[in-house]
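In: based on what follows, work out the 3D shape:
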Amino acid sequence: MKDKTTSPLLSSALPRYMIRILAIFLTATLLRGTASAEPLRLPPMPKNAACTTTIVTPGASSDGSMLVSHSDDNDLGDQSIVFVPARDWPEGSLRPVYASAVAVGDQPQFNAFLVPRLVDKNRAPGYANPGNAPSIPIGHIPQAVHTYAYIDGNYGIMNEHGLMFGECTDGAFISNGPEPGKRIFYSAELSRVALERCRTAREAVALMGQLIETYGYYGTGETLPVADGKEAWIMEMAPSPEGTGGLWVAQRVPDGHFWVAANEFRIRDLVPGNPDQMWGKSLMGVIERAGWRSPKDASLPVDWLVSVSHGEYNHPYYSLRRVWRALSLAAPSAGLPAWVESGSTRAYPFSIRPDRKMNVEDVKRIHRDHYEGTEFDLTKGVAAGPFGSPERYLGPYDPHGDVGDPKAVLNGAWERPISMYYTGYVYICQWKPHLPAPLAGTLWLALDRPAESVFVPLTVGPLPKGYEKGDTRAFSRDSAWWSYNLVGNYAQLKYSYMIRDIQARAALNEAEGVRIQDTLEDELAALASSAPHQAAAQRNQRFNAYAEAVRADWGKLFEFLVAKYAQGFVNTPDKMAQTVGYPQEWLDKTDYSHGPARGYAKDGK
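Out: Below is the predicted model of the structure:
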């Protein structure tokens, strides 16, 4: 169906970086008839929307749950977690499709910004965002008669029927912006449309593929894990070099396996007739015309990763180190190598059977990781400071975004862990297919960086107001995100000490969350059969009350840390001002031993 748009055409209001991208893109389009095998290089997109995402299939989980996780590493983007209610729509209605700034950058011509990501009270009350200009659609698609309720973030998260999404941004040869009538969908809106209309992962993949081919895809390369209670698929996409449509592939994760992605495409060989794969009908023709097909030998399967990208997203091992780490934590016995020959290595399998059945706690552990106990341990060394902080703040000397060829010479780089200082939030979607729907789904949410935060249980229903307020432009005591961020930031002052207090409090809160989850499964079992809506409402209320209680407890934790570590001491009510100083191994690396300890003369005489 032809796009019906009320949006203006792209104008001179475009940021300079987008004008450059479009100019290069238009030139490439004019020249594509003589496209060479060397892919087009485009300037990097701004910002790092650089995430890590995982799947634990039911056969790999200890209780038969499907688990889908995502860390939204968004550089102080919009941290709001928003409930979008189910709705009935008049026949003939149109659904607006909005531009996304996450991973692409602010687009003022569409009133699309990192904060707030969306202004449309008709989408959800949490998107009213008073005082901000309404979002301008890029285009419209026919609206469904009924849309499902779901939880939304910078990308869609989970709907009432147990359809679950993760996400990570990938490098791709083409990075471009939206254009009405040609490219109106990015992965964020694709996932939301799927959550509004689909119950199963297969349905979602088919729908998103159809939307890409019909309305066009813009932005970056993307990986969207999508799962229901029984089946998990990985859908990957990239803009087309032909300016319309888009490129996409999908592959099923075998039951009994664990899967991870970290800013690099994970699908490789496309085998015709494989029932566990899908791809767009125009894909092969487009990459052939662009000269991108790899390998060139038409008798061999197309390698998706190599055909559309350089592999690594930011610098060597920016992506692959996290893939290695997560797979190794799930299956240590596999003995996967930490060092490989290139970003297109075959050393890491698409998915892996874990050594033992996994659970929510295992996925939390993965997302809190800084390579502790490995040769890459970020809590060790001079850069960790005297108190073992794993944070490595990036600066103008570091590469940003999709820098393309990982062979480019760099002045240096930090190891990129799974838990990052610019992580905005992490979630783990859990669906227990053996339970009735009102009790099956839980969203375990940790606002701010996961290593210094706590996961609280929520449902697909109205959320505590503070959790829907994630504006990072100004501190607000009304925002749950800021409550957790206070603790995460403060911990950096004396990390090796404070992290023990934080971990202990998080463990208590999370254990109580699991206890409440288990209790409600028993208490509401009969009601879930006789009055499912009532059971869902009661569960939602109990979880929300606990999420608010944890937020309040985290405020008390912050106050406790301020008092316990005031003035550089360690303080307890019975023993104040304990002088702990610095670790000896760190002192030995400083000029401490050369200090004025031998009298007044410089030579010590």
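
In: buried stuff in whichever helix or strand residue 202 is part of?
Out: Assigned by DSSP states H and E, residue 202 falls within helix 201-215. Neighbour counts over helix 201-215 (16 or more other Cβ atoms under 10 Å) mark 201-202, 204-209, 211-215 as buried. In short, each C-beta sits where N, CA and C put it, glycine included.

In: ok, of those, which one's closest to residue 396?
Out: residue 212 (35.4 Å; Cβ to Cβ).

In: list the contacts for the closest residue to that closest one other than its chain neighbours?
Out: Among residues not flanking residue 212 along the chain, residue 246 sits closest, at 4.1 Å (Cβ to Cβ, 6 or more residues apart in numbering). Residues in contact with residue 246 (Cβ atoms under 8 Å, 6 or more residues apart in numbering) are 183, 185, 212, 213, 216, 217, 237, 238, 239, 240, 280.

In: go again with 10 Å.
Out: 174, 183, 185, 190, 208-209, 211-219, 237-240, 280, 282-283, 286 (Cβ atoms under 10 Å, 6 or more residues apart in numbering).

In: equivalent analysis for residue 347, please.
Out: Contacts of residue 347 by Cβ under 10 Å, 6+ apart are 320, 323, 324, 327, 336, 337, 338, 339, 340, 341.

In: list only buried entries from those.
Out: By 16+ other Cβ under 10 Å, the contacts of residue 347 give 320, 323, 324, 327, 336, 340 as buried.

In: can you pull out the helices in the stretch 1-150 of the chain?
Out: Under the criterion DSSP state H, counting those that start in this stretch, the stretch 1-150 of the chain contains helices at 16-31.

In: one step back: could I get the buried ones among the contacts of residue 347 as TSV with distance to residue 150 and secondary structure?
Out: Below are the buried ones among the contacts of residue 347 laid out as TSV (distance: Cβ to Cβ, whole Å; DSSP: H, G, I helix; E, B strand; the rest coil):
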residue	distance to residue 150	secondary structure
320	32	helix
323	28	helix
324	33	helix
327	30	helix
336	35	coil
340	38	coil
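
In: want to throw those into CSV with pLDDT and distance to residue 142?
Out: Shown next, in CSV, are the buried ones among the contacts of residue 347 (pLDDT from 0 to 100; distance: Cβ to Cβ, whole Å):
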residue, pLDDT, distance to residue 142
320, 96, 41
323, 98, 39
324, 98, 44
327, 98, 42
336, 98, 46
340, 96, 46
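
In: taking these, tell me the two that lie furthest apart.
Out: The widest separation within the buried ones among the contacts of residue 347 (Cβ to Cβ) is 12.3 Å, between 327 and 340.

In: shared neighbours of these two, anything?
Out: Each of 347, 348 lies in contact with both residue 327 and residue 340 under the rule Cβ under 10 Å, 6+ apart.

In: next, the residue nearest to residue 212: phi, psi?
Out: Backbone geometry at residue 246, expressed as degrees, to the nearest 10, gives phi 180, psi 170.

In: helix/strand/coil for residue 540?
Out: helix (DSSP: H, G, I helix; E, B strand; the rest coil).

In: what's the closest non-adjacent residue to it?
Out: residue 461 (3.6 Å).

In: quick one on the thing from earlier: export the buried ones among the contacts of residue 347 to a markdown table and tack on distance to residue 291?
Out: A markdown table is the format used below for the buried ones among the contacts of residue 347 (distance: Cβ to Cβ, whole Å):
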| residue | distance to residue 291 |
| --- | --- |
| 320 | 26 |
| 323 | 28 |
| 324 | 32 |
| 327 | 33 |
| 336 | 33 |
| 340 | 27 |
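
In: which one of those residues sits closest to residue 529?
Out: residue 327 (40.1 Å).

In: ok, now how distant is the closest one from residue 70?
Out: Between residue 327 and residue 70 the computed distance is 17 Å (Cβ to Cβ, to the nearest Å).

In: for this structure, give me the ranges with low pLDDT.
Out: Low-confidence segments of the chain (pLDDT under 70): 1-49, 401-407, 603-605.

In: helices along that one, start to end?
Out: 16-31, 187-197, 201-215, 283-290, 304-308, 320-330, 360-367, 437-440, 480-490, 495-523, 525-530, 532-564, 584-587 (DSSP state H).

In: and the ones you listed as TSV, adding distance to residue 232?
Out: Listed next are the helices of the chain as TSV, based on distance: least, Cβ to Cβ, whole Å:
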stretch	distance to residue 232
helix 16-31	33
helix 187-197	14
helix 201-215	6
helix 283-290	22
helix 304-308	18
helix 320-330	15
helix 360-367	14
helix 437-440	16
helix 480-490	29
helix 495-523	22
helix 525-530	25
helix 532-564	24
helix 584-587	45
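
In: out of these, the one nearest residue 251 is which?
Out: helix 304-308 (9.0 Å).

In: from the chain's centroid, how far away is the closest one?
Out: With Cα atoms, centre = their mean, to the nearest Å as the basis, helix 304-308 stands 22 Å off its chain's centre.

In: on contacts alone, who are the packing partners of it?
Out: strand 232-238, strand 247-253, strand 269-270, helix 283-290 (3 or more Cβ pairs under 10 Å, 6 or more residues apart in numbering; DSSP states H and E).

In: which residues does that helix contact?
Out: 39, 170-174, 221, 236-241, 247-249, 251, 264-270, 277, 279, 283-284, 286-288, 290, 292-295, 302, 311, 343-344.

In: just the buried members of those?
Out: Buried among the contacts of helix 304-308 (16+ other Cβ under 10 Å): 39, 170-174, 221, 236-241, 247-249, 251, 264-270, 277, 279, 283-284, 286-287, 290, 292-294, 302, 311, 343-344.

In: now do residue 231 against residue 572, distance only.
Out: The value you get for residue 231 to residue 572, if Cβ to Cβ is used, is 53 Å.

In: looking at those two, which is more packed in?
Out: Of the pair residue 231 and residue 572, residue 231 is the one with more neighbours under other Cβ atoms under 10 Å, namely 16 against 9.

In: in contact with the nearest residue to the more buried one once chain neighbours are set aside, which residues?
Out: Leaving aside its chain neighbours, residue 231 sits nearest to residue 201 (5.2 Å; criterion: Cβ to Cβ, 6+ apart). By Cβ under 10 Å, 6+ apart, residue 201 lies in contact with 66, 68, 162-165, 194, 225-235, 250, 252-253.
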